[in-house]
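Student: next one to model:
(chains A and B)
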Amino acid sequence: EPEVTQTPSHQVTQMGQEVILHCVPISNHLYFYWYRQILGQKVEFLVSFYNNEISEKSEIFDDQFSVERPDGSNFTLKIRSTKLEDSAMYFCASTLRDSPSGANVLTFGAGSRLTVL
Amino acid sequence: DQQVKQNSPSLSVQEGRISILNCDYTNSMFDYFLWYKKYPAEGPTFLISISSIKDKNEDGRFTVFLNKSAKHLSLHIVPSQPGDSAVYFCAASEFADSWGKLQFGAGTQVVVTP
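Tutor: Predicted coordinates:
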């Protein structure tokens, strides 16, 4: 079954350092997303990406965050200068259409755990 | 603002019994609801959904019930199996909306004991 692949599975970094999280979405999907889950809290939307540009972003996705699709397969999330509160599990997801429905499933990757010290 | 609430962080149930997971929401505009299941070291996977035109949707051992007047939905797993031990997330959106508007609950950890 096709899957969304994320690397690294766990990254530890010092506060103020730049971090890049990598994702390979399902190959025929068109919409790509980043979500995050701080420990013990709900999963929160960060950003969606379609046709090589951001289509939607949340308040969390401030100037220190950026996303990129550098080639036809990778989808990256960059955090420019990490803060302690960026420690979370970051999930990449992809789908065919940007519309929740029974026929259109959002497929998540296994996540990248980011620990900022 | 927590628009989707799962008030039980954990649930322990015996194998073969029914698991009932509850979810409350505050936004009356929500008309599409989903349940995701998450195993450790894996991403959330879609389990079952229901739109507001229905009050019940069944898929094998999993049934979701929706009570719109109470803004409440529940997931029933019958019978519970050890492989059902996972975190279950409730999520909600407006039907015509985007995945970015999907609101998740904080999850309920289910442990199925032999």
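
Student: not counting sequence-adjacent ones, nearest residue to residue B:39?
Tutor: On the basis of C-beta to C-beta, 6 or more residues apart in numbering or on different chains, the spatially nearest residue to residue B:39 that is not a chain neighbour turns out to be residue B:86, at 5.1 Å. Using the backbone N, CA and C atoms, a C-beta is placed for each residue, glycine as well.

Student: distance of the one you found from chain A?
Tutor: 13 Å (C-beta to the nearest C-beta, to the nearest Å).

Student: quick one, what contacts the nearest residue to residue B:30 once chain neighbours are set aside?
Tutor: What sits nearest to residue B:30 in space, not counting adjacent residues and going by C-beta to C-beta, 6+ apart, is residue B:92, at 4.1 Å. For residue B:92, the residues meeting the contact criterion (C-beta atoms under 8 Å, 6 or more residues apart in numbering or on different chains) are B:3, B:4, B:25, B:27, B:30, B:32, B:33, B:34, B:102, B:103.

Student: what's across from residue B:92 in the sheet?
Tutor: Under the criterion DSSP bridges, residue B:92 forms beta bridges with residue B:33, residue B:103.

Student: and residue A:57, by the same measure?
Tutor: Assigned bridge partners for residue A:57, using DSSP bridges, are residue A:47.

Student: quick one: neighbours of it, just the number.
Tutor: Counted with other C-beta atoms under 10 Å in any protein chain shown, residues neighbouring residue A:57 total 17.

Student: circling back: drop anything exposed from the contacts of residue B:92.
Tutor: Judged by neighbour count, with 16 or more other C-beta atoms under 10 Å in any protein chain shown as the criterion, the buried members of the contacts of residue B:92 are B:4, B:25, B:30, B:32, B:33, B:34, B:102, B:103.

Student: could I get the pLDDT score of residue 53?
Tutor: No chain in the question, so chain A it is. Here, the pLDDT recorded for residue A:53 equals 93.

Student: sorry, should have said chain B
Tutor: As predicted, residue B:53 sits at a pLDDT of 91.

Student: and the gap between it and residue B:63?
Tutor: Between residue B:53 and residue B:63 the distance, using C-beta to C-beta, to the nearest Å, works out to 17 Å.

Student: more neighbours, those two?
Tutor: Under the neighbour definition other C-beta under 10 Å, residue B:53 and residue B:63 were set side by side, and residue B:63 has more, 18 against 10.

Student: chain B contacts on chain A?
Tutor: Taking C-beta under 8 Å from any C-beta of the partner chain, the part of chain A that reaches chain B is made up of A:4, A:6, A:9, A:31, A:33, A:40-45, A:47-48, A:55-58, A:91, A:93, A:95, A:98-102, A:105-111.

Student: let's see that with 6 Å instead.
Tutor: Contact residues of chain A with respect to chain B, defined by C-beta under 6 Å from any C-beta of the partner chain, are listed as A:42-43, A:45, A:48, A:56, A:91, A:98, A:100, A:102, A:105-106, A:108-111.
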